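K.L.:
quick one: sequence plus predicted model below, questions after.
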Amino acid sequence: GRDECILTLGVSELCGRMSGRVKNKAPNPRQITAEQLLREAWERKEETQTKVPLQTINDAQELREYQHRRRKEFEDRLRMARTNIPTWINYAKWEVVQREYTRARSIFERALDIDYRNHSLWLAYAEMEMRHRFINHARNVWDRATTLLPRVDQLWFKYAYMEEMLGREDQARAVFERWMGWHPDEHAWVAFARFELRRGKVENAREVYRRFVKESPAPSSFLRLARFEEKSGIISLSRLAYEDALRVLPEDQLDSRFYIEFAKFEERVGEFERCRAIYSYAKSASDSKRSVSWNAIDIDQSSAAFERRHGSLSSTERNLLERKRGEFEETLSEMPSDYDTWFRYLQMEQEMVQATNRTSPVAQLESIERIRELFCRCLENTPPRPLKRDWKRFIYIWLDYCTWEELVVGDKDRASAGYRKCLNSIPNRHRHFSFSKIWIMAANLEIRRKNLGAARKIFGQALGMAPRQKIFRSYLDLELALGQIERARKIARRWVEVDPSSVVGWQEYTKLEISLGEVDRARGIFELGVAQSELDLPEILWRSFIEFEVAQGELERARVLYRQLLERSQSAAIWIALAKFEAEFANTKETARAIYREADRTLALHMDEQEHGRANRYNILRAWLEFENADILDGVDSKVVNEVREKQPRKVSRERPLRDSAGQIINYEEQVDYVFEEDPEAKPHLKLLKVANEWKRRQALSINQPG
């Protein structure tokens, strides 16, 4: 009609106007690439994180509905992955939280029907019973576990430890006796003997060691028995153990370590002639009678050290000693801060004193005073400059002096005073530099003096004045050894507060919480650690976090961590680790293959922008090819393998110029580069076509030019 006619005329008129308009086909001064569009879209995307709503249970009906829903979720998981033991354990633990102990036992029993060889399942079952004071149930579980898995030492250890903690000495001894019936290794016998010693039954412990020697006649077992008798203070029985080993064992089983231990025992009890005879017999042993692990060098060195300590000096050696003293004194008068010379001087005096004055107490006291005077003269010469490299040797002389006072002289009070003077001698109150070894050795000395308060005070001063990684670790180990968990937590927390960039501190903190079974605490600490902006070795902490989640059976959390790590770094190692993770835990290997495709596609976009982008992509493709080749035997389609092989780059050598500070080229360095299939260098026919077009253009110009 009329409206259609008007619309047709309007459109034709508009098209006529547009055809007459001149379009500006010049490039826009502001170019936008597809890569920029993708990057901006990624940066501006909205992160939608769905949070699980907080559920409040108001009555018994809602509680039953919640329990029914959770049980159905667990049963559905087990229906899909029936052999996943962590799921069974989590299911049982949840029932324990609901105080449904009968249901928890039923779940554990169902899991044991599937895989009774999994000792972790038995441990979780028994620990659940013990934690809630079901002792008879726990004893029943331990009996079944040790009957079915008698070669798992941890089950026996836990069983015996439970009986010991309950004060049932006879039952614990019966558990050990059952265990010994399976002929275990050395650690089990030692645990049995230590149990008897804790109960104050020295004769029972002696009988255990003797049974161990009969059960396993070897040099190590006889050495265990001899050390036990020596600690008990019965020298004759200790010597008898060594002599029984010589009588029972063939000579080709006795190694050099046995003879050295025997000789050192005789030296400790003051039988120097016996010690000398043992070394002589060991040296004279023929090659046919020596064991495979025989080390003649260790025998010679131990014998020489013994002779230096307890031998006699001739007049010639005394003259030589006086001459060496004169040389040292002359050198030190010119250079009193030559600490290397002081070291050699002090070492010579200590060795000579041990060789000459072993019988006369008066001579020994004179020698001790002489060495102490030498130490005092040396330590008066402090380094002139407050630099750590100048103070290092000086500090080691302090340590030598303190250890000499404690171990040789036996004066722990002087050693403790020496450590205090050493710590006070460091300039600027440890602000510019300090030495962790001094703090640690000073605290350990106080522990040996049974002065725990002083040791903690030294560690506290160290953390306040010079917080170092070694000091934190030593203090943490001390409190853990004492069983002071809260103190250990405070130390670990202080460690990460003082040095939040230290990956070691975060790892030690998480190891502490994991060892205590605090999974949620450990996860929270890991999350705080990886959230730090500056870490010295962030990949190690991320790897530990992922391994922790995998060990807990939280595979989805591990996947999320891998993705978060990839947002920070596009390293080939991370992609490969993610692909291997999916190949191991995913139901099909298509997931791992998809990861490799995604990695190749992502690195292809940014390989020229990153410093090692081409090398990273090469590593990804090589790992992908190895993954596909490993699956060829499993019937994988060869098309996928051929596709990956075609993607493999070609290695080329290039020369990179080396420039000086002024920017001038001074030399060339050869480096390896990679050419991929989409690079222009990978298509030589295009380069040839470009050269031909250039030649054609030049010919046309030469023809058009006049003359």
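P.N.:
On my side now, so go ahead. Keep in mind that this is a model prediction, so the values were computed, not measured. Numbering: from 1, shown residues only.
K.L.:
pretty sure Ile85 contacts Asn118?
P.N.:
Yes - if you go by Cβ atoms under 8 Å, Ile85 and Asn118 touch, sitting 5.4 Å apart. C-beta: built from backbone N, CA, C; applies to glycine.
K.L.:
from the chain's centre, how far out does stretch 63-75 sit?
P.N.:
For stretch 63-75, the distance between its averaged C-alpha position and the chain's averaged C-alpha position is 40 Å (Cα atoms, centre = their mean, to the nearest Å).
K.L.:
how about that stretch as PDB, C-alpha atoms only?
P.N.:
Provided in PDB are the C-alpha atoms of stretch 63-75 (Å, rounded to 0.1, in the frame of the first residue of the first chain):
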ATOM      1  CA  LEU A  63      18.400 -32.600  62.600                       C
ATOM      2  CA  ARG A  64      17.100 -35.900  61.300                       C
ATOM      3  CA  GLU A  65      16.600 -34.400  57.900                       C
ATOM      4  CA  TYR A  66      20.200 -33.000  57.900                       C
ATOM      5  CA  GLN A  67      21.600 -36.300  59.000                       C
ATOM      6  CA  HIS A  68      19.600 -38.200  56.300                       C
ATOM      7  CA  ARG A  69      20.800 -35.800  53.600                       C
ATOM      8  CA  ARG A  70      24.500 -36.000  54.700                       C
ATOM      9  CA  ARG A  71      24.300 -39.800  54.900                       C
ATOM     10  CA  LYS A  72      22.900 -40.000  51.400                       C
ATOM     11  CA  GLU A  73      25.700 -37.800  50.100                       C
ATOM     12  CA  PHE A  74      28.300 -40.000  51.600                       C
ATOM     13  CA  GLU A  75      26.600 -43.200  50.400                       C
END
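K.L.:
buried ones in it?
P.N.:
When burial is assessed from 16 or more other Cβ atoms under 10 Å, stretch 63-75 yields the following buried residues: 67, 71, 74.
K.L.:
just put those residues in TSV and tack on pLDDT.
P.N.:
Formatted as TSV, the buried residues of stretch 63-75 follow (pLDDT from 0 to 100):
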residue	pLDDT
Gln67	90
Arg71	93
Phe74	93
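K.L.:
specify which member of those is nearest to Asp411.
P.N.:
Sorting the buried residues of stretch 63-75 by how near they are to Asp411, with Cβ to Cβ, puts Phe74 at the top with 65.9 Å.
K.L.:
wait, that closest one touches Trp94, no?
P.N.:
Yes - look at Phe74 against Trp94 with Cβ under 8 Å: they come within range, at 7.2 Å.
K.L.:
need the overlap of contacts for these two.
P.N.:
Common neighbours of Phe74 and Trp94 (criterion: Cβ atoms under 8 Å, 6 or more residues apart in numbering): none identified.
K.L.:
so where's the stretch 501-650 of the chain shaky on pLDDT?
P.N.:
For the stretch 501-650 of the chain, the stretches with pLDDT under 70 are 586-588, 606-613, 631-638.
K.L.:
now the helices for it?
P.N.:
503-515, 519-530, 538-551, 555-568, 572-585, 590-606, 613-630, 638-647 (DSSP state H, counting those that start in this stretch).
K.L.:
list the buried residues for the longest one?
P.N.:
Just to be clear, that refers to helix 613-630. Taking 16+ other Cβ under 10 Å as the basis for neighbour counts, the residues of helix 613-630 that come out buried are 613-621, 623-625, 627-628.
K.L.:
which strands and helices lie in contact with it?
P.N.:
Applying 3 or more Cβ pairs under 8 Å, 6 or more residues apart in numbering; DSSP states H and E, one finds that helix 613-630 makes contact with helix 572-585, helix 590-606, helix 638-647, strand 665-675.
K.L.:
C-alpha coordinates for that helix, CSV please?
P.N.:
The C-alpha atoms that make up helix 613-630 are tabulated as CSV, following Å, rounded to 0.1, in the frame of the first residue of the first chain:
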residue,chain,number,x,y,z
GLY,A,613,58.0,-18.6,26.9
ARG,A,614,59.3,-20.7,24.0
ALA,A,615,61.2,-23.0,26.3
ASN,A,616,58.1,-23.5,28.5
ARG,A,617,55.9,-24.3,25.5
TYR,A,618,58.6,-26.8,24.3
ASN,A,619,58.6,-28.5,27.7
ILE,A,620,54.8,-28.7,27.7
LEU,A,621,54.7,-30.3,24.2
ARG,A,622,57.5,-32.8,25.1
ALA,A,623,55.6,-33.8,28.3
TRP,A,624,52.4,-34.1,26.3
LEU,A,625,54.1,-36.4,23.7
GLU,A,626,55.5,-38.6,26.5
PHE,A,627,52.1,-38.9,28.0
GLU,A,628,50.5,-39.9,24.6
ASN,A,629,53.3,-42.3,23.8
ALA,A,630,52.8,-44.0,27.2
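K.L.:
between it and strand 665-675, how many degrees?
P.N.:
Taking axes from the mean of the first three to the mean of the last three Cα atoms, to 10 degrees, one finds helix 613-630 and strand 665-675 inclined to each other by 30 degrees.
K.L.:
do the same with the fifth one
P.N.:
Counting by the same axes, to 10 degrees, helix 572-585 points 20 degrees away from the direction of strand 665-675.
K.L.:
and helix 572-585, how far from the chain's centre?
P.N.:
With Cα atoms, centre = their mean as the basis, the distance from the averaged C-alpha position of helix 572-585 to the chain average is 21 Å.
K.L.:
now the longest one
P.N.:
Here helix 613-630 is found 28 Å from its chain centre; the criterion is Cα atoms, centre = their mean.
K.L.:
and what of the shortest one?
P.N.:
Centroid separation between helix 638-647 and its chain, computed with Cα atoms, centre = their mean, is 39 Å.
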